[in-house]
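Student: sequence first, then the predicted structure:
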Amino acid sequence: MPGDATPPSLRRTTGSPPPLDAYDADIVILSLNRMDDTIEAINSALEQRGGIFHITVLDQGSAPEMVRQLRRQFAHRSDFALYEAGTNLGVPGGRTTAAALGHGQFIVALDNDAVFATPWIVAKTLRLFRLSPDVAAIGFNILAADGKQPDIASWGYPKAMLPRFKENFDTTTFVGAGHAIRRSAWAAAGGYDPSLFFTWEEYDFCLKAIALNWRITYAGSLSVIHKISPEARITWSSQRMCYFVRNRLIIGRKWGASWLALTPHILGYLLKAARLGHLNAAWSGVKAAYNTAPPPRRRMSKTMRLYIRRNETNRRGSWFERLRLEVLGRISP
């Protein structure tokens, strides 16, 4: 449930808590160093217009001088709060903790190396939600630093959909660099799984929401610009590949897939990793998933299977096509 990852040391060190009355959205940013980028992301959030928004920044162990600068720079804002966790809770743990600190109707998340393309992105997001009451989450159009082309490294959808990056379409996940979630759907689905720590937490949440008959949407008209700061990033050669493989297999097990059914995924990930020179990291992910206590199993309804087939499986093509595009071609996070 949202809030389970809240650390005992969590404290608000600057700014104000969200208003007691109802308001539109919480804009959540996780910070871990990247001082200049983080300040740009915060200013971008503070510039959003067209609604009542509260910005929550959760610092997860930045250098003391950076935290002091954040305290000084934003202390005067009544629509901003800086919380300090004192440790890295991971992406799902951090966003779960930050989301629990507010009560806006919607939760908007922005990476701390990204900015909203215009001051009206959040307002337009809320309008889309209100026009589509069955939508649980909206993934934003993640643009590269030039603000024009899609950030290929952040394209989390079937590659066949890439030419439609400016359009809207239903999907089964979203990319965490910029997205929004309806709080009622967040609560109903139980938020993120903090144990995943890094990668696939969005897909895990979306599957739970789809099981409750919510839709997930990608909105090409809602853009953020992602600078992809190299600082503090986890590379494919280390934890990233391990988490990528481990978490996807754990999610498969959550939904009743046997190890035999997961074999094609395992082989595909090992082939990808071998091509990139990271076979040991991928194999560590397989072993970590195998050694993880089996999660509670859930069964997919017929409606859920049809939704996934229509909005994911059919778009990815056959196993041969996926092997050719995703394993032998460029890896997509």
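Tutor: Thanks, I have the structure now. Numbers count the residues shown, from 1 in each chain.
Student: residues contacting residue 273?
Tutor: Shown here is residue 273, whose contacts under the criterion Cβ atoms under 8 Å, 6 or more residues apart in numbering are 241, 245, 279, 281-283. Just so you know, the C-beta spots here come from the backbone N, C-alpha and C atoms, and that holds for glycine as well.
Student: what about it, which helix or strand?
Tutor: Taking DSSP states H and E as the definition, residue 273 sits inside helix 259-276.
Student: ok, back up a step: check the contacts of residue 273 and tell me the two furthest apart.
Tutor: 245 and 279 (10.7 Å; Cβ to Cβ).
Student: more neighbours, those two?
Tutor: Legend: neighbour count by other Cβ atoms under 10 Å for residue 245 and residue 279, higher for residue 245 (29 against 16).
Student: which residues touch the more buried one?
Tutor: For residue 245, the contacting residues are 266, 269, 273, 281-282, 285-286, 289, by Cβ under 8 Å, 6+ apart.
Student: which residue packs closest to it, ignoring adjacent ones?
Tutor: Spatial nearest neighbour of residue 245, excluding adjacent residues (Cβ to Cβ, 6 or more residues apart in numbering): residue 285 at 2.9 Å.
Student: what about the strands in the stretch 101-250 of the chain?
Tutor: 106-110, 114-116, 135-143, 168-171, 178-182, 215-226 (DSSP state E, counting those that start in this stretch).
Student: now the first one: average pLDDT?
Tutor: This predicted structure assigns strand 106-110 an average pLDDT of 98.
Student: now what about that strand, what contacts it?
Tutor: Contact partners of strand 106-110, identified using Cβ under 8 Å, 6+ apart, comprise 24-29, 41, 44-45, 53, 95, 99, 116, 122, 125-126, 129, 176-183, 186, 224.
Student: quick one: neighbours of residue 212, just the number.
Tutor: Using other Cβ under 10 Å, the number of residues around residue 212 comes to 12.
Student: what's near enough to touch it?
Tutor: Neighbouring residues of residue 212 by Cβ under 8 Å, 6+ apart: 136, 185, 188-189.
Student: swap the cut-off to 6 Å and go again
Tutor: Counting by Cβ atoms under 6 Å, 6 or more residues apart in numbering, residue 212 makes contact with residue 188.
Student: measure it to residue 190 for me?
Tutor: Counting by Cβ to Cβ, to the nearest Å, the gap from residue 212 to residue 190 is 10 Å.
Student: can I get the contacts of residue 273 in TSV including distance to residue 144 and pLDDT?
Tutor: Compiled in TSV, the contacts of residue 273 are given as follows (distance: Cβ to Cβ, whole Å; pLDDT from 0 to 100):
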residue	distance to residue 144	pLDDT
241	23	92
245	26	96
279	29	93
281	26	94
282	27	95
283	32	96
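Student: which of the contacts of residue 245 lies closest to residue 62?
Tutor: Closest to residue 62 out of these is residue 281 (26.3 Å), distances taken as Cβ to Cβ.
Student: pretty sure that closest one contacts residue 239?
Tutor: No: using Cβ atoms under 6 Å, residue 281 is not in contact with residue 239, being 7.8 Å away.
Student: please identify which of the two sits among more neighbours.
Tutor: More crowded of residue 281 and residue 239, by other Cβ under 10 Å: residue 281, with 21 against 17.
Student: skipping its backbone neighbours, what lies nearest the more buried one in space?
Tutor: Take residue 281 and drop its neighbours on the chain: the residue closest to it by Cβ to Cβ, 6+ apart is residue 241, 3.9 Å away.
Student: and residue 97, helix, strand or coil?
Tutor: When classified by DSSP: H, G, I helix; E, B strand; the rest coil, residue 97 comes out as helix.
Student: mind checking how far it is from residue 126?
Tutor: On the measure of Cβ to Cβ, residue 97 and residue 126 end up 23 Å apart.
Student: also residue 64?
Tutor: For residue 64, the distance to residue 126 (Cβ to Cβ) stands at 37 Å.
Student: the more surrounded of those two?
Tutor: Under the criterion of other Cβ under 10 Å, the comparison of residue 64 against residue 126 puts residue 126 first, with 21 against 7.
Student: and that one, what does it touch?
Tutor: For residue 126, the contact set (Cβ under 6 Å, 6+ apart) comprises 24, 51.
Student: likewise the one 3 residues further on?
Tutor: If a contact means Cβ under 6 Å, 6+ apart, then residue 129 has residue 182 as its contacts.
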